[in-house]
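Participant: Provided below are the primary sequence and the corresponding predicted coordinates.
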Amino acid sequence: MWAGIAKWYRQWEQEQLAVLQDPALARQAPFGYRRYVACKLAALPLRERQELYRFSVYWRGPRVWLALAALCLVLSVLGLLLHLAFMPAAPWWKTVVAANTIGLALSASSAGVWFNYRKIARAKLRALASMVGLGAIGGLFGTLIVTVSRGKPWQELIDDLPRTLMLVTGAATVLIAAPSIVLAVLRNRHYETANAQLQRDAEQARLARELSETQLRLLRAQIEPHFLFNTLGAVQQLAQEKAPRAAELTAHLIDFLRASMSDMRCEQVSLATEFGLVESYLAVMQIRMGERLRFRIDLPTGLAATRIPSMLVLTLAENAIKHGIEPSLRGGDITVTAHEDAGQIRIAVNDGGVGMSDTPGNGTGLENVRSRLRLAYGESASLVLSEAEPGLLAELFIPRKDAQ
């Protein structure tokens, strides 16, 4: 029999824990009191469900029985001390039973209030009346049992009824109802304060996200015309010089713009897409600059699907052309690579141009890259410029876990 009761209790306990995690499971509970309890649990607010779930997971199995045994031991000792100090004439077991009854009732009441504080705080008078009424009924019931067990006359019970009601009602109010109401009000005040803070935090996060998105849109809007005007300037220059490759350059540019315009307006793109845009851009620039520009693109297959903010690498490639290769009489090489190192993705754009002395790094393009890194990754990403002898090395360091 005890094994069957233990199995039933474990099943019910698992059922309640599952409902606390997923309220939709309440309707799957067996019909009757189990479904009623499950629906009550499912109706709790999210925060209260989470607190009750953590409490239930911690206080379960042998731990809860050991805690109850320890509580009963403490209450029994307290009852014996009260017996010795104030009621030496009364049987000792009565004070022990009374201490355990009152202590366990207070503990159960506190636990009920702890997880139903909002309901009690909203209807304090009704909760107070209910607790006092239940306490009075329990006291009268106990008095009736004592009267019957001792064989006292009913007239004595009736004569002592007003005093008994006052005593029981006062004890229920002072020992159970008042502390429970105070606990519920304090818990509810803490909940309202915490909930208001969460709402303020959520609103601040929403405003910060909207601000970041607005700033990103402005930054992309700044990049696109900057890039397009520079590229169209190259077409104009070739046309003015009547270069035979002007038509070829225009065809490449049209294909490039058709493929890249949608990607320019994306929040994030894969490294494969970004490196493809860089390769197309450098191919256009190579037609314009001829033998003065040589380039190499190297992207490992394992990093091809990694997502980063759009046009970051493209901006660095354009900066390498504008500030590194074009000012150099002999031109130079541009190498664009990516690899993973210690949980970070390192994207390098290395040009063999004039170097950092003539490229201070405070232009619109580089500042744009830094701003977009800060908005996307905070302080965990960076842009580092260094001398490459010859030329300039621009390195992006992006956390791998954030870049996926």
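Facilitator: Happy to help now that I have it.
Participant: any weak-confidence spans in the stretch 251-400 of the chain?
Facilitator: Along the stretch 251-400 of the chain, segments meeting pLDDT under 70 span 251-266, 356-364.
Participant: can you map out the helices along it?
Facilitator: Taking DSSP state H, counting those that start in this stretch, the helices of the stretch 251-400 of the chain run over residues 271-289, 312-320, 364-377, 400-403.
Participant: which one of those is the most hemmed in?
Facilitator: helix 312-320 (a mean of 25; mean count of other CB atoms under 10 Å). Heads up, the C-betas are built off the backbone N, CA and C, glycines and all.
Participant: got a list of contacts for that helix?
Facilitator: 223, 227, 230, 274-275, 277-278, 281-282, 334, 336, 347, 349, 351, 353, 359, 363, 365-366, 368-369, 372-373, 392, 394, 396 (CB atoms under 8 Å, 6 or more residues apart in numbering).
Participant: now swap in stretch 115-127 and tell me
Facilitator: Stretch 115-127 has contacts (CB under 8 Å, 6+ apart) with 44-45, 48, 51-52, 55, 113, 177, 180-181, 183-185, 187-188, 191.
Participant: Arg206: which of the residues you listed is nearest?
Facilitator: Pro45 (21.1 Å; CB to CB).
Participant: Contacts only, for that closest one.
Facilitator: Arg118.
Participant: Please apply the same query to the one 3 residues further on.
Facilitator: Residues touching Glu48, when contacts are defined by CB under 8 Å, 6+ apart, comprise Phe115, Arg118.
Participant: Could you report the distance from it to Ala108?
Facilitator: Computed as CB to CB, to the nearest Å, the Glu48 to Ala108 distance reads 18 Å.
Participant: Next: Leu329.
Facilitator: For Leu329, the distance to Ala108 equals 89 Å [CB to CB].
Participant: Which residue ranges make up each domain of the protein?
Facilitator: Domains of the chain are assigned by automatic domain parsing as 2-202, 243-403.
Participant: most neighbours per residue, which of these?
Facilitator: domain 243-403 (a mean of 18).
Participant: For the contacts of stretch 115-127, which two are the farthest from each other?
Facilitator: Pro45 and Ala177, at 24.4 Å, using CB to CB across the contacts of stretch 115-127.
Participant: most residues in a single strand of this protein, which one?
Facilitator: Assignment by DSSP state E gives strand 332-341 as the longest strand of the chain.
Participant: Can you list the strands that that strand pairs with?
Facilitator: With DSSP bridges as the test, strand 332-341 is paired with strand 293-298 (parallel), strand 344-351 (antiparallel).
Participant: Take these and write them to a markdown table, including distance to Ser382.
Facilitator: Shown next, in a markdown table, are these (distance: least, CB to CB, whole Å):
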| stretch | distance to Ser382 |
| --- | --- |
| strand 293-298 | 21 |
| strand 344-351 | 10 |
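Participant: Tell me which of those strands sits nearest to Leu20.
Facilitator: Closest approach to Leu20 among those (CB to CB): strand 344-351, 40.0 Å.
Participant: what does that closest one contact?
Facilitator: Contact partners of strand 344-351, identified using CB under 8 Å, 6+ apart, comprise 271, 303, 306, 308, 312-313, 316-317, 319-321, 324-325, 332-340, 388, 391-400, 403.
Participant: Span of stretch 325-336 from start to end?
Facilitator: 14 Å (CA to CA, to the nearest Å).
Participant: Off-centre distance for it?
Facilitator: In terms of CA atoms, centre = their mean, to the nearest Å, the centre of stretch 325-336 is found 47 Å from the chain centre.
Participant: Kindly report the same for stretch 27-38.
Facilitator: For stretch 27-38, the distance to the chain centre is 31 Å (CA atoms, centre = their mean).
Participant: ditto for stretch 368-383
Facilitator: Using CA atoms, centre = their mean, the offset of stretch 368-383 from its chain centre is 22 Å.
Participant: Send over it as CSV, restricted to the C-alpha atoms.
Facilitator: Extracted in CSV, the C-alpha atoms of stretch 368-383 (Å, rounded to 0.1, in the frame of the first residue of the first chain):
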residue,chain,number,x,y,z
ASN,A,368,32.0,54.0,-39.8
VAL,A,369,33.4,50.6,-39.3
ARG,A,370,34.3,51.3,-35.7
SER,A,371,30.8,52.6,-35.0
ARG,A,372,29.1,49.6,-36.5
LEU,A,373,31.3,47.2,-34.6
ARG,A,374,30.5,49.0,-31.4
LEU,A,375,26.8,48.9,-32.1
ALA,A,376,26.8,45.2,-33.1
TYR,A,377,29.2,43.7,-30.5
GLY,A,378,29.9,46.3,-27.9
GLU,A,379,33.5,46.2,-26.6
SER,A,380,34.1,42.6,-27.7
ALA,A,381,35.0,43.5,-31.3
SER,A,382,37.7,45.9,-32.6
LEU,A,383,39.4,47.4,-35.6
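Participant: The spatially most central residue of the chain is in what secondary structure piece?
Facilitator: Centroid-nearest residue in the chain, with CA atoms, centre = their mean: Ala202, separated by 10.9 Å. Assigned by DSSP states H and E, Ala202 falls within helix 178-240.
Participant: Report the mean confidence score over that helix.
Facilitator: What helix 178-240 shows for mean pLDDT is 69.
Participant: go on, stretch 68-88?
Facilitator: On average, stretch 68-88 scores 87.
Participant: which residues sit against it?
Facilitator: Ala90, Trp92, Thr95, Val96, Val97, Ala98, Ala99, Asn100, Gly103, Leu104, Ser107.
Participant: okay if I get the helices of the stretch 251-400 of the chain as TSV plus distance to Cys72?
Facilitator: Listed next are the helices of the stretch 251-400 of the chain as TSV, based on distance: least, CB to CB, whole Å:
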stretch	distance to Cys72
helix 271-289	65
helix 312-320	67
helix 364-377	56
helix 400-403	51
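Participant: Report the rounded mean pLDDT for stretch 28-36.
Facilitator: Averaged across stretch 28-36, pLDDT comes to 86.
Participant: tell me how far the ends of it are from each other?
Facilitator: Taking CA to CA, stretch 28-36 runs 11 Å from one end to the other.
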